[in-house]
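Colleague: structure of the sequence below:
(3 chains)
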Amino acid sequence: MRDIMILAETQLKPATTKGHTSVAHVADDWYVVCESQQLRDRPLAVTLLDTPLVLFRDNNGKAGALLDRCPHRNVPLSLGAVKGENLECVYHGWQFDRRGICQAVPGLVGEQKSTGRRVSAFAVREQDGFVWVYATPEVEPEREPFRFPLIGEKNYTTVRQTVEAESSIHAVAENALDVPHTAYLHGGLFRSATSKRNEIEVVIRRWHDRVEAEYIGEPRPPGLAGRILAPGGGTVMHFDRFILPSIVQVEYRLGDRSHLCVTSVLTPISDFHTRLFAVTSFRLPIPGWLVALFLRPLALRIFQQDAVMLKRQTETIRHFGGEQFMSTEIDVLGPHIYRLLKQAERGERPPQEEPVIRKVRMLI
Amino acid sequence: MRDIMILAETQLKPATTKGHTSVAHVADDWYVVCESQQLRDRPLAVTLLDTPLVLFRDNNGKAGALLDRCPHRNVPLSLGAVKGENLECVYHGWQFDRRGICQAVPGLVGEQKSTGRRVSAFAVREQDGFVWVYATPEVEPEREPFRFPLIGEKNYTTVRQTVEAESSIHAVAENALDVPHTAYLHGGLFRSATSKRNEIEVVIRRWHDRVEAEYIGEPRPPGLAGRILAPGGGTVMHFDRFILPSIVQVEYRLGDRSHLCVTSVLTPISDFHTRLFAVTSFRLPIPGWLVALFLRPLALRIFQQDAVMLKRQTETIRHFGGEQFMSTEIDVLGPHIYRLLKQAERGERPPQEEPVIRKVRMLI
Amino acid sequence: MRDIMILAETQLKPATTKGHTSVAHVADDWYVVCESQQLRDRPLAVTLLDTPLVLFRDNNGKAGALLDRCPHRNVPLSLGAVKGENLECVYHGWQFDRRGICQAVPGLVGEQKSTGRRVSAFAVREQDGFVWVYATPEVEPEREPFRFPLIGEKNYTTVRQTVEAESSIHAVAENALDVPHTAYLHGGLFRSATSKRNEIEVVIRRWHDRVEAEYIGEPRPPGLAGRILAPGGGTVMHFDRFILPSIVQVEYRLGDRSHLCVTSVLTPISDFHTRLFAVTSFRLPIPGWLVALFLRPLALRIFQQDAVMLKRQTETIRHFGGEQFMSTEIDVLGPHIYRLLKQAERGERPPQEEPVIRKVRMLI
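Modeller: Residues are numbered from 1 along each chain as shown, chains lettered A, B, ... in the order given. This next block holds a predicted model:
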């Protein structure tokens, strides 16, 4: 995979890196636009892939998503109000149903409903407490949204967090699944740059719509933490996964009693603005409420460090007019995520039953 | 007219509406740049059609308008000062008269005046208390500025107001003359979305340089207001007019004693920034000072509601890179204003003695 | 030289001056990026010709300059820290030496040093208390940095000041060396628009890499100032110089005891953002510390007046999309500086032993 992202290694004119970025627009798939509880009786303006959308619930509680631009005079429909099954524009009172069909043009003599008068409508699903929107309007979705694992399972506690990064989907996903940076950027928080390193094996498996890295022989956390999390000993299992169009997942098992899975759905608000809807589900030897108490601030602290770095990375990429990345074999997932996103952007996801497998060694 | 502005009614890729807008640059006509009283003994910087101009009065009180860019080193002449008949640049002291001809180059040995050294000059007129500028420099204007009706007429009171909108000339003009939105955007202020509607006739007359809509059979204001304004009964006469390049006029007569005419000259500061110089003249059965007392805050309140809507409309149009309007027959003036502006932008105003007439019916 | 910069003198469409500016990118030369004392044990981010650079001192005190973009994931190296001879990236801990060669990739199994993994490095010199950087990376500089005259010479006092202007190198240089504007923009500070003027001769000499103007017969400062500065009488010698790529120098001698030389190195941070590192060295009949006391605030006052004008000039040029300058023969240096910069930008500096000489007369 190295050949995908290693570009010219020296260059006399550094400022000429124009045009190339990891930004990919995958419009034929589902994204989370908000939590279900955020969408109440008033219309809600959201942005997906730089397109303004208005979400609303009709009087049956069903959620709709329309292009947030009245077709009459192009003001945002989100300034309006819900009227029965319809959303009413605040400017001239035109009304649209969840299918985007205009149901009323106040002042117009004669038939007001017209299938010719409409606004683009987007498919909507509500599941796992989130509102999902299919990013291409006016089509029957080819697939269904991702389902979060472990939510509601016995003995599991689930914590939700929403954060934002001024960065592309690709950069956020690579960062979230990258192991080597943790010893530096988060040094002291969970890995350390100065402690002795172990050489371990990483197995990378890529399918047509996902890629995972399995870390084999990763040592248990040292000291008290390790004893609490895996009192009976046992091995550490660690998987990092990226699933199209924008799901990142980190899964840990320590011994037979500790299981932790962090799944984040990344929403591309615009090319360099990403919202992360993170769901952490876990079963640990210590009480869930106690873990949750520590988990939230720790996760936020780590994320804030990442967010600063991603922002500065974006600024640099913007300043140079593009990326110029140089990868090594321990950048185990970034180049694969890049390839999956670019293929998906071109509409290429030919089903593939057996994964492509690659193994590398890494000091951890 | 519907075919002018109804574009494709459905579209799969909503964000591709690039390029089309109602913005028109009509440079061969007059615009108000300030009130006469604003131009005193110091130069005044204004912007017209995105071009920076400097206004000044010479020692005879005559107003001049020059391009606000010294031809020597391109600093704004408006930073300078009036010296006799000339405007002096603050940087090197070059002086220019109202014709734009350089009269002094301090330090230069020999003849300082040169018709070859000059800055672009714009024709200026002062009338009705406003300074008008012809938007094409260095030419003899083809026409004279619009004259406000009723100013100074017996029994009429005149009120002036200046406001600004982040919107194009077209959008401001259509909004100012649009009836259907009043029941929604200004619901409760003068029309209502919930009250019973009457079907009336609207006669639209378009000449080469203007268009008017006459509302026939419009009901008198209900209750006390109607009795005060038209105590002897009688019909309501209501005209809405757009006159090139940017004058909008709303005229009402109720019975034989009430007459109200609001004329606004719209100045295109830039494509999406418009200044409105509004002049309201009226003769009513109640004292003028009392009307003026209520008129100002009411007009401002209505305008502020419109300004918010126009701003959001502009943002949406900018975001999508263009407009995509869908009109019906009760959008009686907008499409005509669009056609007049675009024709005028191309220099097409062939005189036309008889108007093109069209009638539509509207619920009001 | 007039033909170089006099463009069309009248134009009907003023806003069409697109594209032409005096901005020149001279990358094959040296610029000051900071004072030596500003670069300590932490990396320092600077910008030169719109390119972000990171400066750092290794553990031997030697200064290095690298492109401020880690080649791995394009975050600024200036966020990192110095580790021995290397600069370490904060994100993944990659380390680079002053030559830009990567010395460490934490986590990578096997050889970490690779001449193939590198970041662009720029030549650095420290002299006269400044850090100079050669603006083209990865090359052996063709020439050495300018050396300031008079620093440390017996009986001379030296004062340093750093200021910034929102303007191009060309505009700042012309302004700093321009005589006619002083009577207007700085009227009252050292020349006056109203006092009687003397006609003097200016000799302009242009070489391949510099141009100077010598003012002959310039009168002594009037009154007390003249008697203090040149108590024994004698002539005034006054030279203004521009030296590629961006040095401006004003030198005065009054009689045999007063000598003042202001040398400023202009650093092009970006097209319209210039930093001036000014060094004033003088020997005067009054104590140096006393002169320094008055010199700083006076110089700052003058510079602030210039900075306001340069900013407004830049705004005007930006608004019109380019310059449209009209010069006369008393713009003695500006057109020459323009020619030198544009030739240097094209790589043309053919050595020329004898200057091209031109004489003009000026009222001063």
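Colleague: tell me the buried residues in the longest strand along chain A?
Modeller: Scanning chain A for the strand with the most residues, using DSSP state E, yields strand A:258-270. For strand A:258-270, a neighbour-count test (16 or more other Cβ atoms under 10 Å in any protein chain shown) marks A:258-269 as buried. Using the backbone N, CA and C atoms, a C-beta is placed for each residue, glycine as well.
Colleague: quick one: which of the residues you listed is nearest to residue C:306?
Modeller: residue A:269 (43.9 Å; Cβ to Cβ).
Colleague: my guess is the closest one contacts residue A:50. True?
Modeller: Yes - Residue A:269 is in contact with residue A:50 according to Cβ atoms under 8 Å; the separation is 7.5 Å.
Colleague: do stretch A:180-187 and chain C meet?
Modeller: Yes - counting by Cβ under 8 Å from any Cβ of the partner chain, chain C is contacted by stretch A:180-187 at A:180-181, A:183-185.
Colleague: in a markdown table, list those along with pLDDT, secondary structure and neighbour count.
Modeller: As requested, the residues of stretch A:180-187 next to chain C are exported to a markdown table (pLDDT from 0 to 100; DSSP: H, G, I helix; E, B strand; the rest coil; neighbours: other Cβ atoms under 10 Å in any protein chain shown):
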| residue | pLDDT | secondary structure | neighbour count |
| --- | --- | --- | --- |
| A:180 | 94 | helix | 24 |
| A:181 | 95 | helix | 24 |
| A:183 | 90 | helix | 23 |
| A:184 | 92 | coil | 21 |
| A:185 | 93 | coil | 24 |
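Colleague: roughly how far does the closest residue to residue A:310 other than its chain neighbours sit from chain B?
Modeller: Leaving aside its chain neighbours, residue A:310 sits nearest to residue A:167 (3.7 Å; criterion: Cβ to Cβ, 6 or more residues apart in numbering or on different chains). Remark: distance between residue A:167 and chain B (Cβ to the nearest Cβ, to the nearest Å) = 21 Å.
Colleague: and residue A:167, backbone torsions?
Modeller: With angles defined as degrees, to the nearest 10, residue A:167 sits at phi -160, psi 160.
Colleague: looking at strand pairing, list the partners for residue A:250.
Modeller: Bridge pairing for residue A:250 (DSSP bridges) gives the partners residue A:240, residue A:262.
Colleague: so which of the buried residues of strand A:258-270 is the closest to chain C?
Modeller: Of all the buried residues of strand A:258-270, chain C sits closest to residue A:266, with 17.5 Å by Cβ to the nearest Cβ.
Colleague: contact partners for the closest one?
Modeller: By Cβ atoms under 8 Å, 6 or more residues apart in numbering or on different chains, residue A:266 lies in contact with A:169, A:172-173, A:246-248, A:274-276.
Colleague: now, these that are in strands?
Modeller: Using DSSP E, the contacts of residue A:266 in strands are A:247-248, A:274-276.
Colleague: mark which of those residues are buried, thanks.
Modeller: Neighbour-count burial (16+ other Cβ under 10 Å) applied to the ones in strands among the contacts of residue A:266 gives A:247-248, A:274-276.
Colleague: in JSON lines, list these along with distance to residue C:329 and pLDDT.
Modeller: Shown next, in JSON lines, are these (distance: Cβ to Cβ, whole Å; pLDDT from 0 to 100):
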{"residue": "A:247", "distance to residue C:329": "71", "pLDDT": "98"}
{"residue": "A:248", "distance to residue C:329": "69", "pLDDT": "98"}
{"residue": "A:274", "distance to residue C:329": "60", "pLDDT": "98"}
{"residue": "A:275", "distance to residue C:329": "63", "pLDDT": "98"}
{"residue": "A:276", "distance to residue C:329": "65", "pLDDT": "97"}
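Colleague: format those as a markdown table; extra columns: distance to chain B.
Modeller: What follows is these, written out as a markdown table (distance: Cβ to the nearest Cβ, whole Å):
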| residue | distance to chain B |
| --- | --- |
| A:247 | 24 |
| A:248 | 26 |
| A:274 | 19 |
| A:275 | 18 |
| A:276 | 24 |
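Colleague: any idea how far the residue nearest the centre of chain A lies from chain B?
Modeller: Closest to where the C-alpha atoms of chain A average out (Cα atoms, centre = their mean) is residue A:266, at 1.4 Å. Residue A:266 sits 20 Å away from chain B when distances are taken as Cβ to the nearest Cβ.
Colleague: try residue A:184
Modeller: Counting by Cβ to the nearest Cβ, the separation of residue A:184 from chain B is 39 Å.
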